[in-house]
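> Have a look at this fold, sequence not included:
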């Protein structure tokens with residue numbers, strides 16, 4: 001999504017308002033933990049500061065669809081963050097055109113959690129000779145590291 005900055009640079013406008021609904025193609029989601037990225041709402045503005053640099057200030061909100069870390073079911077993960085960035089030459093296609101998608105994508109990728117689960121009852125996850133335990137239920141006897149834990153006062 002390209003934003004034309006020529007009205008801002010010529011002094012015709014003092015700001016470019018942003019009120020956008022952005023969609024990301026499935027190809028862009030490859031090699032990430034995202035299953036889907038529903039429409040992302042971007043609200044804010046692009047202005048020029050006193051040193052004639054372009055400044056992007058906006059709020060980004062949306063919903064990521066991730067795979068639950070325990071059950072592997074699809075879960076909805078709402079996100080919201082602020083961007084306050086001086087736009088440099090790497091963000092622009094040319095002097096008067098900003099590539100907003102790249103800035104948004106960089107910031108959205110930072111919001112993806114390493115692990116996310118909505119599972120509260122771990123008793124459903126068991127099988128032949130195994131069961132999933134929470135860290136609170138881990139037995140402490142027969143721990144090969146118990147001597148080390150005692151030295152650090154953990155046990």
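It's in. Note that the structure is predicted; figures quoted are calculated from it, not measured.

> wait, residue 98 sits on residue 58?
No: using CB atoms under 8 Å as the test, residue 98 is too far from residue 58 to be in contact (11.9 Å). C-beta: built from backbone N, CA, C; applies to glycine.

> Not counting sequence-adjacent ones, nearest residue to the residue positioned nearest the centre of the chain?
With distances taken as CA atoms, centre = their mean, residue 111 lies nearest the centre of the chain, 2.0 Å away. Of all residues not flanking residue 111 in the chain, residue 79 sits nearest, at 4.7 Å (CB to CB, 6 or more residues apart in numbering).

> ok now do that neighbour, which residues does it touch?
By CB atoms under 8 Å, 6 or more residues apart in numbering, the residues touching residue 79 are 60, 61, 62, 63, 64, 108, 111.

> hang on, isn't the residue nearest to the centre of the chain packed against residue 83?
No: Residue 111 is beyond contact range of residue 83, at 11.3 Å (criterion: CB under 8 Å).

> which helix of the chain spans the most residues?
The helix that spans the most residues within the chain, counting by DSSP state H, is helix 100-111.

> and it, average pLDDT?
Helix 100-111 comes out with an average pLDDT of 89.

> what does that helix rub up against?
1-3, 18, 20, 22, 24, 28, 32, 37, 40, 42, 56, 60, 62, 64, 79, 81, 83, 85, 87, 91.

> how does it look with 6 Å?
Contacts with helix 100-111, where a contact means CB atoms under 6 Å, 6 or more residues apart in numbering, come from 1, 3, 79, 83, 91.

> again, but for stretch 45-53
Residues outside stretch 45-53 that contact it (CB under 6 Å, 6+ apart) are 15, 16, 17, 18, 54, 55, 56, 86.

> With that, I have no additional questions.
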